[in-house]
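> 3D, please:
(4 chains)
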There are 2 protein chains.
Amino acid sequence: MFTDVHDLNLFVPSREDLPPSTASEREETGARGSRKQRTRDALLEAALRLMREGRSFTGLSLREVTREAGVVPTAFYRHFRGMDELGLALVEEGGVTLRRLLREARRTDVQFTNMIRGSVLVYKRYVEDNRLQFLFIAGERAGGSPQIREAIRREVTHFTNEMAQDLRGLGAFPGLSIGTLQMICGLVVNCMLNAAIDILDLPPNQPLQEQELVDNFVRQVRIIFLGALRWKEKG
Amino acid sequence: MFTDVHDLNLFVPSREDLPPSTASEREETGARGSRKQRTRDALLEAALRLMREGRSFTGLSLREVTREAGVVPTAFYRHFRGMDELGLALVEEGGVTLRRLLREARRTDVQFTNMIRGSVLVYKRYVEDNRLQFLFIAGERAGGSPQIREAIRREVTHFTNEMAQDLRGLGAFPGLSIGTLQMICGLVVNCMLNAAIDILDLPPNQPLQEQELVDNFVRQVRIIFLGALRWKEKG
DNA sequence: AGTTTCAGTGTACAAGTGTTGACTTTCCGT
DNA sequence: ACGGAAAGTCAACACTTGTACACTGAAACT
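Reported below is the predicted structural model:
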């Protein structure tokens, strides 16, 4: 019922729906400000880059990050009080990414099966494109420091709620209260984050394994929505 | 239909079903062997204990662990090649715990709603009782080294498959293939591990928050099973 | 008995860590 | 154009880290 897989989906807005600014949020004016912002971004990016080879954020050292970013260790303190604060900044940045991932799903009456499969494929691509962000979020969601874990939990909840709102706006489950929708979306988001780990751990050029993973993911989301259709409020 | 919440459940066997031996698996004979085993266990336990305060395994140092265990750093190498190998041993131990958690659920025809709620409550208690193990498993599932992640994934899959077998033996979903059951159990297990994190992060003596968490968990599992009931094979 | 095996100890070292204070350089407001 | 604020550098510190090597003492084998 739609020509392109990107046309309709649950999770990810089409390209033209994305806000134009990909740059960082808190901008400073002037040459000095932008310079500061640049090395700040360099630090954040360096941390993410170091996690690429399977290292966890918690195992990174301050000096490593500055080395990767191309600045001297002490320069770090001009931006963050310590690694923990850098972690929190990463959470915030990742949260923005996640929320952008959703934004506005469109009203549709296409069958769920097609819609789900399309959404999953787009999500997969999205995870692969934002590999490092997802590595961080998924990895530290349970393993990071209590503070970071808390921050991530907040972001995920935020994301979940937005998704519930969208689903409601979609008019897909008219019988369900917003609370129930949130619960269901929590399940889906959990499923998504779990799949993100699997996607990221996928060895490259193994289309069979890849197909299997996607299929499983699709079936799981479908199960959830089937359950949602049958859910009786206050039952 | 059952008097005690512990009588019937999906996840956890009753006390009397548990195998008697809580001791470690690979036993060595002789005084020296048992001595070695004791400090080996001390090391494993020390690592878990250090994670109690919200630290992640990846962030632990070899010396820290030996310090906590009450041995000199170099003694470590008599047992493990390095921290990574200790981690793998922890996974194995945790896997045993998880599998013991399931073992044999009994045949029953009680309504799902009651059964699910009971199971969830027992599971919650189980997580609280095995706090450290779950902290490790859930925390390193996405955050640990690639090797450890892989090992955990294997254990979780193993656990999932056993659960699918049990569900099939229960005769609850006669129309579903074993593959579909595995997919569904994967969803449930994922939901369980996620809930484990929440349970462990729960501030003590907050019955309201606790109730909320349990209710949500119950609803999510219920959704999954509702979806399973409606699932059409090869649809 | 004497000998071998081996878990655990003690010492040592090179390398990496977080953080400090005093410095240079660069940009901005006046 | 000058003075000050502030981003980034340099050198140094007190520690911690992983690991190598020679050792001790007790259990196990002959």
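> What is the neighbour count of residue A:232?
Here the number of neighbours of residue A:232 (other C-beta atoms under 10 Å in any protein chain shown) works out to 8. Glycine gets a C-beta too; all of them are placed from N, C-alpha and C.
> which SS class is it?
Recorded secondary structure, residue A:232: coil (DSSP: H, G, I helix; E, B strand; the rest coil).
> how near is it to DNA strand C?
54 Å (C-beta to the nearest atom of the strand, to the nearest Å).
> Residue A:124 against residue A:211, yeah?
No - between residue A:124 and residue A:211 there is no contact, the gap being 11.2 Å when judged by C-beta atoms under 8 Å.
> Give me the distance from stretch A:199-208 to the chain's centre.
19 Å (C-alpha atoms, centre = their mean, to the nearest Å).
> Just the terminal-to-terminal distance for it.
Stretch A:199-208 has its terminal residues 13 Å apart, counting by C-alpha to C-alpha, to the nearest Å.
> Let me know the average pLDDT across that stretch.
Averaging the model's pLDDT scores along stretch A:199-208 yields 94.
> same thing with stretch A:148-159?
Computed over stretch A:148-159, the mean pLDDT rounds to 92.
> one step back: between residue A:124 and residue A:211, which one's more packed in?
Ranked by neighbour count (other C-beta under 10 Å), residue A:124 and residue A:211 place residue A:124 first, with 19 against 10.
> Which strand or helix spans the more buried one?
In this structure, residue A:124 is located in helix A:112-129 according to DSSP states H and E.
> any idea which helix or strand of chain A has the worst average confidence?
helix A:112-129 (a mean of 84; mean pLDDT, DSSP states H and E).
> buried stuff in it?
Within helix A:112-129, the residues that qualify as buried are A:112, A:115-124, A:126-127, counting by 16 or more other C-beta atoms under 10 Å in any protein chain shown.
> Report all helices and strands that the helix holding residue A:124 contacts.
Where contact means 3 or more C-beta pairs under 8 Å, 6 or more residues apart in numbering or on different chains; DSSP states H and E, helix A:112-129 is packed against helix A:178-201, helix A:207-230.
> residue contacts, the residue sitting nearest the centre point of chain A?
Nearest to the geometric centre of chain A sits residue A:98, at 3.8 Å (C-alpha atoms, centre = their mean). Going by C-beta atoms under 8 Å, 6 or more residues apart in numbering or on different chains, residue A:98 touches A:137, A:155-156, A:159.
> change it to 7 Å
Under the criterion of C-beta atoms under 7 Å, 6 or more residues apart in numbering or on different chains, the contact list for residue A:98 reads A:155, A:159.
> ditto for residue A:191
With contacts defined as C-beta under 7 Å, 6+ apart, residue A:191 is in contact with A:220-221, B:187, B:190.
> sorry, back to before: what helix or strand does the residue nearest to the centre of chain A sit in?
Using DSSP H and E, the element containing residue A:98 is helix A:83-102.
> can you give me the mean pLDDT across that helix?
When pLDDT is averaged along helix A:83-102, the result is 86.
> and it, how far from the chain's centre?
For helix A:83-102, the separation from the chain centroid amounts to 9 Å (computed by C-alpha atoms, centre = their mean).
> With stretch A:59-69 instead?
Relative to the chain's own centre, stretch A:59-69 is displaced by 24 Å; criterion: C-alpha atoms, centre = their mean.
> follow-up on the earlier one: need the winner for burial among the helices and strands packed on helix A:112-129.
Using mean count of other C-beta atoms under 10 Å in any protein chain shown, the stretch among those with the largest mean neighbour count is helix A:178-201, at a mean of 21.
> what's the neighbour count on the nearest residue to residue A:72 once chain neighbours are set aside?
For residue A:72, the nearest residue in space outside its immediate sequence neighbours is residue A:66; the separation is 6.5 Å by C-beta to C-beta, 6 or more residues apart in numbering or on different chains. One way to gauge burial is a neighbour count; for residue A:66, by other C-beta under 10 Å, it gives 20.
> The helix or strand residue A:66 falls within near DNA strand D anywhere?
Secondary-structure element containing residue A:66, defined by DSSP H and E: helix A:62-69. No - applying C-beta under 7 Å from any atom of the strand, one finds helix A:62-69 out of contact with DNA strand D, separated by at least 7.6 Å.
> returning to that earlier point: quick one, which of the helices and strands packed on helix A:112-129 gets closest to DNA strand D.
Nearest to DNA strand D, of all those, is helix A:178-201, at 24.7 Å by C-beta to the nearest atom of the strand.
> Pull the distance from that closest one to the chain's centre.
Its chain's C-alpha centre lies 10 Å from the corresponding centre of helix A:178-201 when counted by C-alpha atoms, centre = their mean.
> now that helix against helix A:207-230, angle please.
Orientation of helix A:178-201 against helix A:207-230 (axes from the mean of the first three to the mean of the last three C-alpha atoms, to 10 degrees) gives an angle of 170 degrees.
> how about the residues of chain A near DNA strand D?
That would be A:32, A:35-36, A:38-39, A:71-75, A:78-79, which are the residues of chain A within reach of DNA strand D (C-beta under 7 Å from any atom of the strand).
> Among the residues you listed, which one lies nearest to residue A:148?
Within the residues of chain A next to DNA strand D, proximity to residue A:148 (C-beta to C-beta) peaks at residue A:79, which comes in at 17.1 Å.
> what about the residue lying closest to the closest one once chain neighbours are set aside, distance to residue A:57?
Closest residue in space to residue A:79, ignoring its immediate chain neighbours: residue A:40 at 4.8 Å, by C-beta to C-beta, 6+ apart. When C-beta to C-beta, to the nearest Å is applied, the distance between residue A:40 and residue A:57 equals 17 Å.
> So which of the two has more stuff around it?
When residue A:40 and residue A:57 are compared for neighbours, residue A:57 comes out ahead with 26 against 19, by other C-beta under 10 Å.
> Can you tell me the closest non-neighbouring residue to that one?
Nearest residue to residue A:57 in three dimensions, chain neighbours excluded: residue A:140, at 5.4 Å (C-beta to C-beta, 6+ apart).
> what residues are up against the one you found?
If a contact means C-beta under 7 Å, 6+ apart, then residue A:140 has A:57, A:148-149, A:152, B:143 as its contacts.
> swap in residue A:94?
Residue A:94 sits next to A:133, A:136-137, A:155 when contact means C-beta under 7 Å, 6+ apart.
> Now residue A:54: which helix or strand?
Counting by DSSP H and E, no helix or strand carries residue A:54.
> what about the closest residue to it other than its chain neighbours, how many residues close to it?
For residue A:54, the nearest residue in space outside its immediate sequence neighbours is residue B:146; the separation is 4.2 Å by C-beta to C-beta, 6+ apart. Residues lying near residue B:146 (other C-beta under 10 Å) number 12.
> returning to that earlier point: which of the contacts of residue A:94 are close to DNA strand C?
Restricting those to contacts with DNA strand C (C-beta under 7 Å from any atom of the strand) yields no residues.
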